[in-house]
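Trainee: Turn this into a structure:
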Amino acid sequence: MFENLQVFENRYEEVSQKLYDPQSAADPALFTALMKESRELEPIVTAYRSYQSCLDALKGARELLEETSDRELREMAQEEIKENEEKQARLEEEIKLLLLPKDPNDSRNVVIEIRAGTGGEEAALFAYDLYRMYTAYAENRGWQTEIVSLNETELGGFKEVCFMVDGQGAYSRLKYESGAHRVQRVPVTDSHGKLQTSAATVAVLPEAEEVDVEIDPKDIEFAVFRSSGAGGQHINKTSSAVRLTHVPTGMVVECQEERSQLQNREKAMRLLRSRLLQQEQEKAGAQLAQSRKSQVGSGDRSEKIRTYNFPQSRVTDHRIGLDLFKLEQVLAGNALDELIDALIADDRARQLEALGGNG
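Mentor: Numbering: from 1, shown residues only. Okay, here's the model as predicted:
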């Protein structure tokens with residue numbers, strides 16, 4: 001593995017030279033691509049150069065240990081060998097992490113769909129809590145959120161909500177949220193104070209660009225209707241809500257959050273492209289793109305990736321067996337990073353294990 005790192009250094013030098021070429025600067029698309037490649041290569045090359053320096057220092061210290069009989073020099077050489085062997089081990093782990101396959105969707109914006117599952121009105125209220133958690137988390141990271149479609153209940157819960165999150169690295173972190181989420185608490189609708197278990201499902205899709213998915217306008221059936229809120233409130237006098245049907249796949253998307261029919265259509269097209277991109281990735285057998293069904297499950301209580309237990313103020317992620325007694329902070333979006341960071345670490349450990357097994 002480490003013998004082949006010279007290829008990365010050679011390419012990095014080549015890209016660096018091209019960045020200083022006036023012809024590259026005159027081509028914005030080329031210059032942007034070169035800058036992106038340079039940023040991706042730089043951490044690997046920096047670690048590789050440190051690794052090479054470490055090996056050189058080790059070689060020099062071992063040669064000194066063999067050649068000298070001076071006690072002080074031998075002690076210095078032994079100390080240097082020990083330090084550099086520890087540094088070598090650290091750098092090897094760092095390089096292995098840097099060489100792990102990158103998810104091609106990590107830099108994309110995301111579309112998140114939350115749907116109430118088992119539990120009736122309580123499940124809808126929990127779906128709203130999850131929506132609020134993700135929008136607060138996005139705000140903390142400086143990301144922008146925008147609702148595409150929303151189906152509310154009389155009590156302010158969400159039967160389903162679809163929204164977009166725009167921000168650097170949004171998918172790289174939020175992709176771990178796909179699946180069934182379970183809540184255990186006493187519902188506000190229960191006069192007997194009995195603990196209830198409800199569920200909601202979350203699907204996180206990488207947003208597709210126009211170049212990713214070509215949609216023939218002839219394949220789209222376009223319809224408009226009047227949007228309304230819960231119980232028929234907020235009824236529009238004009239038909240601004242949009243429904244798009246992709247005839248070849250039967251996929252249907254709706255958007256009614258904007259007053260403008262044009263804006264709703266644009267949002268609906270973004271959502272449709274993202275769903276079609278995910279479908280194409282599934283068909284291509286993309287390892288990192290899970291199918292929609294495996295992401296969300298059926299919404300049943302038994303299918304869960306995470307449980308939010310209110311009596312114990314505990315959040316449990318069942319994939320890694322992590323308990324976090326910070327329920328309020330997690331739902332406020334402030335402690336969600338602790339869960340996501342642990343999931344990323346587990347994912348990397350599994351990849352490293354697989355890399356070691358293949359090697």
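Trainee: Look up phi and psi at residue 83.
Mentor: Dihedral pair for residue 83: phi -60, psi -40, per degrees, to the nearest 10.
Trainee: Just the pLDDT at it, thanks.
Mentor: Per-residue pLDDT puts residue 83 at 95.
Trainee: any low-confidence regions in the chain?
Mentor: Scanning the chain for pLDDT under 70 picks out 1-3, 209-212, 227-239, 282-303, 355-359.
Trainee: next SSE after the longest strand along it?
Mentor: Longest strand in the chain by number of residues (criterion: DSSP state E): strand 196-206. Next helix or strand after strand 196-206 toward the C-terminus (DSSP states H and E): strand 220-225.
Trainee: doesn't residue 185 make contact with residue 311?
Mentor: Yes: if you go by CB atoms under 8 Å, residue 311 and residue 185 touch, sitting 7.2 Å apart. The C-beta positions use only the backbone N, C-alpha and C, and glycine is treated the same way.
Trainee: For these two, work out which one has more neighbours and name it.
Mentor: Set side by side, residue 311 and residue 185 show more neighbours around residue 185, with 19 against 10, by other CB atoms under 10 Å.
Trainee: How about the contacts made by the nearest residue to the more buried one once chain neighbours are set aside?
Mentor: In this structure, residue 185 finds its nearest non-sequential neighbour in residue 310, 3.6 Å apart by CB to CB, 6 or more residues apart in numbering. Neighbour list for residue 310: 183-186, 327 [criterion: CB atoms under 8 Å, 6 or more residues apart in numbering].
Trainee: Show me whatever sits in contact with both of residue 311 and residue 185.
Mentor: Joint contacts of residue 311 and residue 185 (CB under 8 Å, 6+ apart) are residue 195.
Trainee: which parts of stretch 200-214 are buried?
Mentor: 200-208, 213 (16 or more other CB atoms under 10 Å).
Trainee: again with stretch 56-65
Mentor: For stretch 56-65, by 16+ other CB under 10 Å, it's 57-58, 61, 64-65.
Trainee: Which one of those residues is nearest to residue 240?
Mentor: residue 57 (68.4 Å; CB to CB).
Trainee: And for that closest one, nearest residue in space, chain neighbours not counted?
Mentor: That would be residue 84: by CB to CB, 6+ apart, it lies 5.0 Å from residue 57.
Trainee: how much space between that neighbour and residue 72?
Mentor: Distance, residue 84 to residue 72, by CB to CB, to the nearest Å: 19 Å.
Trainee: Next: residue 265.
Mentor: As judged by CB to CB, residue 265 and residue 72 stand 79 Å apart.
Trainee: Residue 177 too?
Mentor: For residue 177 relative to residue 72 (CB to CB), the value is 58 Å.
Trainee: for residue 89, same thing?
Mentor: 27 Å.
Trainee: Same question for residue 203.
Mentor: 66 Å.
Trainee: Also residue 4?
Mentor: Residue 4 is 40 Å from residue 72, by CB to CB.
Trainee: again with residue 96
Mentor: 37 Å.
Trainee: Which one of these two is surrounded by more residues?
Mentor: Higher neighbour count among residue 96 and residue 72: residue 96, with 18 against 8, using other CB under 10 Å.
Trainee: Which positions within the strand or helix carrying the more buried one qualify as buried?
Mentor: Secondary structure assigned from DSSP H and E places residue 96 in helix 71-98. Going by neighbour count (16+ other CB under 10 Å), the buried part of helix 71-98 is 77, 80-81, 84, 87-88, 91, 94-96, 98.
Trainee: so how far is it off the chain centroid?
Mentor: 36 Å (CA atoms, centre = their mean, to the nearest Å).
Trainee: For it, which helices and strands make contact with it?
Mentor: For helix 71-98, the elements it packs on are helix 28-67, helix 336-358, judged by 3 or more CB pairs under 8 Å, 6 or more residues apart in numbering; DSSP states H and E.
Trainee: and the angle from that helix to helix 336-358?
Mentor: Counting by axes from the mean of the first three to the mean of the last three CA atoms, to 10 degrees, helix 71-98 points 100 degrees away from the direction of helix 336-358.
Trainee: so how far is the longest strand of the chain off the chain centroid?
Mentor: Centre to centre, stretch against its chain (CA atoms, centre = their mean), the figure for strand 196-206 is 15 Å.
Trainee: Can you show me the CA trace of that strand as CSV?
Mentor: Coordinates of the C-alpha atoms in strand 196-206 are reproduced here as CSV (Å, rounded to 0.1, in the frame of the first residue of the first chain):
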residue,chain,number,x,y,z
GLN,A,196,-46.1,4.6,24.6
THR,A,197,-43.7,3.5,21.9
SER,A,198,-44.0,5.1,18.4
ALA,A,199,-41.9,5.3,15.3
ALA,A,200,-41.0,7.5,12.4
THR,A,201,-38.8,6.8,9.4
VAL,A,202,-36.1,9.0,7.9
ALA,A,203,-34.7,8.7,4.4
VAL,A,204,-31.6,10.8,3.4
LEU,A,205,-31.1,11.1,-0.3
PRO,A,206,-28.1,12.9,-2.0
